[in-house]
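>>> Structure of the sequence below:
(2 chains)
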Amino acid sequence: MISNFVIEVRGVWKSFKTVQAVRGVDLNIPRGQFVAILGPNGAGKTTLVEMIEGIQKPDKGEISIMGKRWKGNEDELHGIIGLSLQETRFIDKLKVSETLSLFAGFFNLGIDRVNEIINIVGLEEKRNAYVVNLSGGQRQRLAIGISLINHPAILLLDEPTTGLDPNARREIWEILLKLKEESNTSMILTTHYMEEAENLCDYIIIMDNGVILKEGTLQQLLVEESEEKIVEFTASYIPVNQTIQSENSSFTIQAGESRERGIIKLKNFETEIPAFMSYMKANNIALRHMECRRKTLDDLFITLTGRKINE
Amino acid sequence: MSKLIKINQIRQLTSALFLEIVREPGVLFWGILFPILMSLGLGLAFTQKKDIIRKIAIIRTGENSFPQSDSSALGLFLLKKCEKPSTAGSDWKWKYTIKDEKSGNSIFLFYFRDWNEAVALLKKGTVNVLLISSGKSVEYHFDPMNSDAELSYLKLSPLINSGDVPAQISENEIKPMTLKGSRYIDFLVPGLIAMGVMMSCMWGISYGIIEKRSKKLLRRLVATPMKKSHFLISFILVRVAMNFIEASVLFFFSLFAFKMTIQGDISALLLLFLAGNVAFAGIAVFASSHTSNTEVGNGLINFVVFPMMILSGVFFSYQNFPDWSLPVIRYLPLSILADGLRAIFNEGAGYPQVALPILILTATGVVFFSAGLKIFKWH
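Take a look at the predicted model:
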């Protein structure tokens, strides 16, 4: 049977001495799709990706890549996968171009590909710099460059932007967006930045505690169950957990990101806003600021897990 | 995988690992300059005969007028035969010199202290014999296990008893050994070469691998079509090449500075050197096969290196260790290598003498390498 999916994960479990890292995950990734696995630290993202990379073996379940299992197909699969691990450090006293040449050599590629990659990841000025002297962002671009060296059909990036400043992060996004435009590569990227998942990926998988909580396109994730509008406000006092009655519905005030912020989720603007306003007035609470915004992945994550992703 | 790709992989890996080493400025010092300095220091210390100073304490027993008032042998010896210090500040009181043009003078310096002070000096190692004059005879107090103290006693007692210098008579009997290959430096340099191979393999290969594992570089490398054996082969190739350079520099330096010679078969020497590299490279791969913690790696390496440094007779012959331990010591890889190198350098040995050592070392390396590869952790 020829499958439409480049990566298929079925019923995969993996535990280490004290933790059950992955508990029954299924995944199907079609060609050319960019997928984000989103979740907090310890969600099992890295373990899942490392099993797809062939670095870890699942305790239970099956993984196939282009219809092939890892066992017995290592050489072939290594040839079509490009990857970057969390915090790999390359050889300190090797130049950027030499490091790329080393990896190009493993795939029997020459200096032409090395030059192309240097171009793609924008390290022209650093081609003769020692790896040890690169900044965090440059080092990560080198790692991405290495992962792209073999024109991979499948790209697996484990937290490629963790610990980078916003500028460096954006540079990496640009590299990946360009790749998406110009090639048919499928990508799985793990991250705990919502923004990254939203910006780069067609399909988002939210993971926590070793299981997939929810998956879909950004649209699907946010529209579903989302008759609600979100209103954030600041005020002299936030009456957390206070339930307010309007004509035909009720809603509860929730605590926002900081103590000065409150959130209400409204289904029926016309009646609920006046009810909220009159409650505030009746209780002598001075409303300072109020905004209505669209629902984000952050909100979804809080709804799913009861906590924020970076907590 | 075609042969061409294989060669290309090994070439890429080898050049990367080689560049990594030579770009570290410390390598030049520790790998090349340090062994030379060590051979220079130790070689000079043990080959140049200079005056040997032996410090002795004489116990003050009460009478202040000693030795004038003393008619004992010691009193007379100090009074009549010894010099007094020319300056007032000297802490010794008498001095006696046994002249020897050929192998250096022996100079005795006598301190005059009460018992407690003298014992303190003995404990610090300033003096190693205490003398007490008791009537006609002299008591010698020293640790009989200390051969240096015993030598002081043997030289001193005829001097004090007869007031004459027995060494004068025997001087013509002593013929300093100047045969090729019999000096200390001839013993030392092959030992240093052997030790260099061990240290460089253990630190270069073991530590290098463990560090790359801890950096997750190994994990990244094996996620490519790179052949695992190519990586280890390249690591070993680079290290053997470095060892060859280091050993050659040390050898040519000794050739030039100390007039060392190779009396045996040079091709056997090269083969033995190679076998030594194989042995220690194998042990190094084995030692680094599992841990990704550089601290643990440190301990592992020391665990291998330390016993051999002490037991295998790099600096001094292991023949002084107890008889029962010799069969074990003799078959430590470092002993085999050092003994073999010495046999070729100094005793004119060739293949008949070193074939077995070469075989044992190679087998050791192969066994440890294969075992290490079996349990090797790439992730």
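
>>> Chain neighbours aside, what residue packs nearest to the residue of the stretch 51-200 of chain A found nearest chain B?
Chain B sits closest to A:Gly105 of the stretch 51-200 of chain A, with a gap of 3.5 Å, by C-beta to the nearest C-beta. For glycine as for every other residue, the C-beta is placed from the backbone atoms N, C-alpha and C. Among residues not flanking A:Gly105 along the chain, B:Gln12 sits closest, at 3.5 Å (C-beta to C-beta, 6 or more residues apart in numbering or on different chains).

>>> now B:Arg54
Counting by C-beta to C-beta, 6+ apart, B:Arg54 lies nearest to B:Ser152, which is 4.8 Å off, once chain neighbours are set aside.

>>> Tell me the spacing between that neighbour and B:Phe368.
Between B:Ser152 and B:Phe368 the distance is 48 Å, computed by C-beta to C-beta, to the nearest Å.

>>> Report the buried residues of the one helix or strand the residue nearest to A:Gly105 maps to.
Applying DSSP states H and E as the criterion places B:Gln12 in helix B:3-22. For helix B:3-22, the buried set under the neighbour-count rule, 16 or more other C-beta atoms under 10 Å in any protein chain shown, comprises B:5, B:8-10, B:12-21.

>>> and the angle from the helix or strand containing the residue of the stretch 51-200 of chain A closest to chain B to helix B:3-22?
Using DSSP H and E, A:Gly105 sits in helix A:96-106. Comparing the axes of helix A:96-106 and helix B:3-22 via axes from the mean of the first three to the mean of the last three C-alpha atoms, to 10 degrees yields an angle of 150 degrees.

>>> Identify all contacting residues around helix A:96-106.
Identification of contacts with helix A:96-106 by C-beta atoms under 8 Å, 6 or more residues apart in numbering or on different chains yields A:90-91, A:94, A:110-111, A:113-114, A:117-118, A:123, A:126-129, A:131, A:134, A:142, A:145-146, A:149, B:8-9, B:11-13, B:16, B:19, B:221, B:224-226.

>>> Residues of chain A that sit close to chain B?
A:53-56, A:75, A:78-79, A:81, A:83, A:85-94, A:98-99, A:101-103, A:105-108, A:130, A:146, A:150 (C-beta under 8 Å from any C-beta of the partner chain).

>>> One more pass at 6 Å, please.
Listed as neighbours of chain B in chain A under the rule C-beta under 6 Å from any C-beta of the partner chain: A:55, A:75, A:78-79, A:83, A:85, A:88-89, A:91, A:93-94, A:102, A:105-106, A:108.

>>> next one: stretch B:259-270 to chain centre, how far?
Taking C-alpha atoms, centre = their mean, to the nearest Å, one finds the center of stretch B:259-270 at 21 Å from the center of the full chain.

>>> Quick test: name the residue nearest the centre of the chain.
Reading this off chain A. A:Thr191 (3.3 Å; C-alpha atoms, centre = their mean).

>>> could you do chain B instead?
Centroid-nearest residue in chain B: B:Phe315, 2.1 Å away (criterion: C-alpha atoms, centre = their mean).

>>> so what's the residue of the stretch 251-379 of chain B found nearest chain A scoring on pLDDT?
Of all residues in the stretch 251-379 of chain B, B:His379 sits closest to chain A, at 5.6 Å by C-beta to the nearest C-beta. The confidence metric pLDDT takes the value 80 at B:His379.

>>> Tell me how many other residues surround it.
By other C-beta atoms under 10 Å in any protein chain shown, 12 other residues sit near B:His379.

>>> could you measure it against A:Ile81, distance?
16 Å.

>>> now A:Arg31
As judged by C-beta to C-beta, A:Arg31 and A:Ile81 stand 14 Å apart.

>>> Compare the two (neighbour count), which wins?
A:Ile81 (22 against 14).

>>> if I pick B:Pro190, what's in contact with it?
B:Pro190 sits next to B:341-342, B:345 when contact means C-beta atoms under 6 Å, 6 or more residues apart in numbering or on different chains.

>>> what's the nearest residue to A:Ile80 once chain neighbours are set aside sitting at in phi/psi?
Nearest residue to A:Ile80 in three dimensions, chain neighbours excluded: A:Ala153, at 4.6 Å (C-beta to C-beta, 6+ apart). Per-residue torsions, A:Ala153: phi -80, psi -30 (degrees, to the nearest 10).

>>> before we move on, the earlier item: give me the buried subset of the contacts of helix A:96-106.
Counted by 16+ other C-beta under 10 Å, the contacts of helix A:96-106 give A:90-91, A:94, A:113-114, A:117-118, A:123, A:126, A:131, A:134, A:142, A:145-146, A:149, B:8-9, B:12-13, B:16, B:19, B:221, B:224-226 as buried.

>>> Now do the end-to-end distance for stretch A:118-133.
For stretch A:118-133, the first and last residues are 16 Å from each other (C-alpha to C-alpha, to the nearest Å).

>>> for the strand or helix carrying A:Gly145, which positions count as buried?
Using DSSP H and E, A:Gly145 sits within helix A:136-148. Under the neighbour-count criterion of 16+ other C-beta under 10 Å, helix A:136-148 has A:137-148 buried.

>>> Make CSV from the residues you listed and add pLDDT to it.
What follows is the buried residues of helix A:136-148, written out as CSV (pLDDT from 0 to 100):
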residue, pLDDT
A:Gly137, 91
A:Gln138, 93
A:Arg139, 93
A:Gln140, 93
A:Arg141, 94
A:Leu142, 95
A:Ala143, 95
A:Ile144, 95
A:Gly145, 95
A:Ile146, 95
A:Ser147, 95
A:Leu148, 95
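
>>> sorry, back to before: which other residues reach the helix holding A:Gly145?
Contacts of helix A:136-148 (C-beta under 6 Å, 6+ apart): A:82-84, A:96, A:103, A:117, A:121, A:126, A:164, A:168.
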